[in-house]
Each structure stands twice: as C-alpha cells, then as structure tokens.
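> sequence and predicted structure are below.
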Amino acid sequence: MKQLLDITAPPLGELPVWGKRIAFGDFFVELVPAGKRHFNVRLRDSFASISFSGDEGQSSLAGGRLRHYDRRPYEYIVAPPCFPLRGTSESAPEVLALIFSFEALRTDLAAALQIPEDLLEPRVVIGGPKPFTTELANRIRRHILADDISGDYLRALCFALIVEMLTLPPEQQRTRRTDLLDQNILDKVIEYIDGNLDTDLTVEKLARLSGVMAHRFARAFKQNTGETPHNYVLSRRIEQARRLLSKTNEPIASIAYATGFSSQSHMTTTFRRRLGVTPAQFRGA
C-alpha cells in the first residue's frame, strides 16, 4: 500500500491505515511497513512512533520548513494533540505507531509516571534508543504479527511503551520538569528559530514545539538559555542581519524582511538600541 500524503496540502486529521492496526478503547497501535513515505498530519490525539531501523529524509515539526534528518534505529517521538508533523523518506523503515487520547489516559499515565495529574501535560518528547523501549517495541511487533493475539497483554505492552517514551531523564525529573527543557527539545526549538527567522516566532508557536504551556515554556527557556524567548529570537535576528550586511550587497530593507523585522525602520531602531549604530553605519564601518 502506498504511504504517500501530499505534503503541500493541509494536514490530515487522521492517520491513514497503512499497516496492521489493532484498536483498543482509548488508543490504537499500528505496525506500519517499510517503504517510501510522505507524512503530513495534524492529529486530534497524541501520536507516538518508534522506528525499527535507521532512516534518513526530511521532516518538519510544528509547521516549520522541511529539514534533513538522520535517525538511528529505535529512536522515538511523542507529539501532543493537534501538533503538525510532516516529512518525507524514500525508504522509510518499519515503524510502530500509537495514537492515544491523552485525556482518557491521564489518570493512569500520571500514576505510572508518578506525576500529579495537574502537572502532567501532553508534550513533545524525542528520545532513544533505550534498552527498555527497544525491548517493548520488539515484543509488540512480534505479538502483532502473531496469528493469536492476546488483546489484554498487547494493550499492557503498548501502555508500558507509552509510559516509557514519556518518561523524562533523571536530571529533568529532579527539576520537576518546569525548570528545564529536555536538551533534544531545546535543540529542536533553537533549530526551528534559526531556520524560520523570517516568520512570526511567537512564544505560543515555540511552546508548541515543546508541548508545554506558553508561560512554562518561557520560564524554562530562560532557565536553559539565560534569555527570554523574545530576546533570544531578537538576538538571532540581529546576528543574521549583521552577517548579511557584511557579506552581501542586498538592500537593507530586504535584509530586514529576510531576518524577521517588520520593516527597515524596525531593524534600524533595534540596531541603534542594541549595537549603538544603524544598519547603514554598521555596513559602512
């Protein structure tokens, strides 16, 4: 079966059936076969997947540009509800996908993760490979492929895998999850900022990449980087504008728009306030 969605069209709200799917009351699991795959969804429920072999292609998180990725075997991703996921691979690996209602599982997940329910939020998690997630994924795969499927046992395995993929590293657990961002997630946020300086980089948009509420994201981002998201984005825009002013002959107005400033005057005001010179003076220096 072809696994090709139009990556230029609006994202689908449901995952197409591409492999062997087994549904439970509050989630389903699907073993998706290897092959050429174009992926473009924005699902109503939470999404988790783990790959059985390495993969290389292009992907986008939270509606950003497609960027190259090189994934190791048994890496995994968990995405919150309504989170845009888009990507292409000419030879995508066999993957295990789980679609689950976070709210339906909230009480059980909070108990398993030993987190108070009011602090448990759907979020982006990128991790692996880890021995336990690898073992669980392989067990689930073998069970799905078996002729005689025990529904209760399979559901228990799938729930255990979801819990394991949502489990944060010990150093982040010690900070009660709101003080620091996982390094993988922070790297993705910074990568997204650098690749999308010409767009509207609001705190809300960046928070969706980490899967936490905007005010918690802003606090955690400052704890990680020493700057608020707004100041960090502004610093990156100024840095990129300085490079373009030094190395190109592009008009200042074009550089302003290319680096996310609303106008040439906005960039001029920001340069004067931050650097003590205007863009024209900086270029002429």
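It's in.

> could you pull out the strands for the chain?
Using DSSP state E, the strands of the chain run over 3-4, 20-23, 27-32, 35-41, 46-51, 55-61, 67-71, 76-79, 85-92, 95-100, 125-127.

> for Q281, find the nearest of the ones you listed.
strand 67-71 (34.7 Å; C-beta to C-beta). Where C-beta positions appear, they are placed from N, C-alpha and C, glycine not excepted.

> neighbouring strands of the closest one in the sheet, and parallel or not?
strand 55-61 (antiparallel) (DSSP bridges).

> state the distance from the nearest residue to D108 once chain neighbours are set aside to I238.
Distance criterion C-beta to C-beta, 6 or more residues apart in numbering; nearest residue to D108, sequence neighbours excluded, is F159 at 7.2 Å. Taking C-beta to C-beta, to the nearest Å as the measure, F159 falls 47 Å from I238.

> which sections of the stretch 51-200 of the chain are below the confidence cut-off?
Counting by pLDDT under 70, the stretch 51-200 of the chain contains low-confidence ranges at 62-63, 168-180.

> who's in contact with the longest helix along the chain?
Counting residues, the longest helix found in the chain (DSSP state H) is helix 229-247. Contact partners of helix 229-247, identified using C-beta atoms under 8 Å, 6 or more residues apart in numbering, comprise 193-194, 197, 201, 203, 206, 217-218, 221-222, 225, 227, 250, 252, 255-256, 258-261, 267, 270-271, 274-275, 279, 282-283.

> so how do I select the buried members of those in PyMOL?
Selection of the buried residues among the contacts of helix 229-247 in PyMOL, burial being defined by 16 or more other C-beta atoms under 10 Å:
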select buried, resi 193+197+201+203+206+217+218+221+225+252+255+256+258+259+260+261+267+270+271+279+282+283
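
> from the contacts of helix 229-247, which land in helices?
Using DSSP H, the contacts of helix 229-247 in helices are 193-194, 203, 206, 217-218, 221-222, 225, 252, 255-256, 258, 267, 270-271, 274-275, 279, 282-283.

> got a list of what F100 touches?
D26, F27, F28, D45, S46, A48, I162.

> what would the residues you listed look like in a markdown table with distance to R139 and neighbour count?
Shown next, in a markdown table, are the contacts of F100 (distance: C-beta to C-beta, whole Å; neighbours: other C-beta atoms under 10 Å):
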| residue | distance to R139 | neighbour count |
| --- | --- | --- |
| D26 | 20 | 15 |
| F27 | 17 | 21 |
| F28 | 17 | 17 |
| D45 | 23 | 23 |
| S46 | 21 | 25 |
| A48 | 16 | 21 |
| I162 | 14 | 23 |
